[in-house]
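Trainee: Fold the following, please.
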Amino acid sequence: MPGNRPTWTFEPVGPMGGATGNAFTNVLQAVGMAPEAELAREAIQNSCDAAREQERRVRIAFRIVTLESPQKSKFLRSLGLVDDDARRFLKVRLAPDNCLSSGSRPLKLIFIEDYNTVGLRGAPHDPRSHFHRLLLSVGDTAKVSTLSSGGSYGYGKSALSLNSKIRTVVAYSAFEPDQTGDSARLMACAYLDAHEFEGKQFTGRGWFGLVRHGAELIVDPLRNDDAHGMADELGFASRRDGRPGTSILIVDSGASDPEKLLKGIEDWWWPRIVDEELEVEIEADGQKYCPRPKTREHLLPFIQCYLMAVGRAVPTGAHEKSDRFNRLEGLALGTYAFQMLDPERANQ
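Mentor: The predicted model follows:
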């Protein structure tokens, strides 16, 4: 790592206001979905949206890691979550059992690593770039200089930050060299509540990166070798080999049950898994889990209807039917399939 190590920088409240850190978390807070299911749905959606055109299958690995002291202390120091910055985090409303509130409490990390995707390419401060849309854009009223639609990343970043007890995520990505000459980047973001710290007001949005001093606040990500070096410190699987894709780290995760995560993946992503367009693996405590939606009783009727509709299965009795819709003004409308269930099975 260079002598100029990254630091946490938080956005001050300006004269015209600005989006607060919890503007992102508010997007999904009222959904009421289990955290593991929410994480499965949104994290995988971001990866599928970033699939490389020439690749048919996206591969995603979830790694759940538990750190005890002294590994926990080493990790928090590497990510700058010590001293004044730790004090700042503890001043705002966080989950009461967060990793900073007790030195003896284990730290749960979830790494979400995708492959056969394009990575967070594009100039970091260009609102159109993948990097900006995931880590810097805001989806509500904000200064013109930072406003971006964010696309599907809006819900994704909400799910990621909500699943961190300290509302903090790290993104590490490798990609084909872009117009900036970069081929890898790393940056952490925190989406805290608006707060006062050392006599100043802050929106709650913070970034762990390299501050560019000037008339306005600009924080740059770590780039290339520096990004890989910090990724090694934080425990990411290295992307030094150049394999494009993005790795997300959820710090102090509350969605660390591998069985619940597995069920969320099967419930939300069985069509892509059945079509062999998505490969997912979960690793936790030395065990590996792979989704097998065809072993889930409540999913089988949906899978059978899907296979009939796309012509890969045929009805097996009078309780099933598949056919083509009638054409409309010469336009083919596709196919359909349905299955009638007995009441006992339908109520499962």
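Trainee: which SS class is the nearest residue to residue 8 once chain neighbours are set aside?
Mentor: Once flanking residues are discounted, residue 8 sits nearest to residue 85: 4.7 Å by Cβ to Cβ, 6 or more residues apart in numbering. C-beta coordinates here come from the backbone N, C-alpha and C atoms, glycine included. Under DSSP: H, G, I helix; E, B strand; the rest coil, residue 85 falls in the helix class.
Trainee: in the stretch 151-300 of the chain, which spans are strands?
Mentor: For the stretch 151-300 of the chain, strands defined by DSSP state E, counting those that start in this stretch occupy the ranges 168-174, 184-191, 195-197, 200-212, 218-220, 222-223, 245-251, 278-284, 287-289.
Trainee: Of the ones you listed, which is nearest residue 42?
Mentor: Closest approach to residue 42 among those is made by strand 245-251 (10.6 Å; Cβ to Cβ).
Trainee: picking up where we left off before, and of the strands of the stretch 151-300 of the chain, who's closest to residue 115?
Mentor: Smallest distance to residue 115 across the strands of the stretch 151-300 of the chain (Cβ to Cβ): 4.6 Å, for strand 245-251.
Trainee: hey, where'd the helices end up in the stretch 101-250 of the chain?
Mentor: Counting by DSSP state H, counting those that start in this stretch, the stretch 101-250 of the chain has helices at residues 130-135, 153-162, 224-234.
Trainee: Neighbouring strands - and their directions - for the strand or helix carrying residue 321?
Mentor: Using DSSP states H and E, residue 321 sits in strand 320-324. Sheet pairing of strand 320-324 (DSSP bridges) gives strand 335-339 (antiparallel).
Trainee: List the buried residues for the partner strand?
Mentor: By neighbour count on 16 or more other Cβ atoms under 10 Å, the buried set for strand 335-339 is 337, 339.
Trainee: what do you get for stretch 296-310?
Mentor: For stretch 296-310, the neighbour count (16+ other Cβ under 10 Å) marks 299, 301, 302, 303, 304, 305, 306, 307, 308, 309 as buried.
Trainee: Same check on stretch 164-182?
Mentor: Neighbour counts over stretch 164-182 (16+ other Cβ under 10 Å) mark 164-175, 178, 182 as buried.
Trainee: Which pair of these spans the longest distance?
Mentor: 165 and 178 (33.7 Å).
Trainee: Could you report the pLDDT at residue 54?
Mentor: pLDDT recorded at residue 54 is 74.
Trainee: And residue 82, by the same measure?
Mentor: 90.
Trainee: got the contact list for it?
Mentor: Contact analysis of residue 82 by Cβ atoms under 8 Å, 6 or more residues apart in numbering lists residue 76.
Trainee: where's it relative to residue 8, distance?
Mentor: The gap separating residue 82 from residue 8 is 10 Å, by Cβ to Cβ, to the nearest Å.
Trainee: picking that back up, can you check which of the strands of the stretch 151-300 of the chain gets nearest to residue 75?
Mentor: Within the strands of the stretch 151-300 of the chain, the stretch nearest residue 75 is strand 245-251; the backing value is 8.5 Å (Cβ to Cβ).
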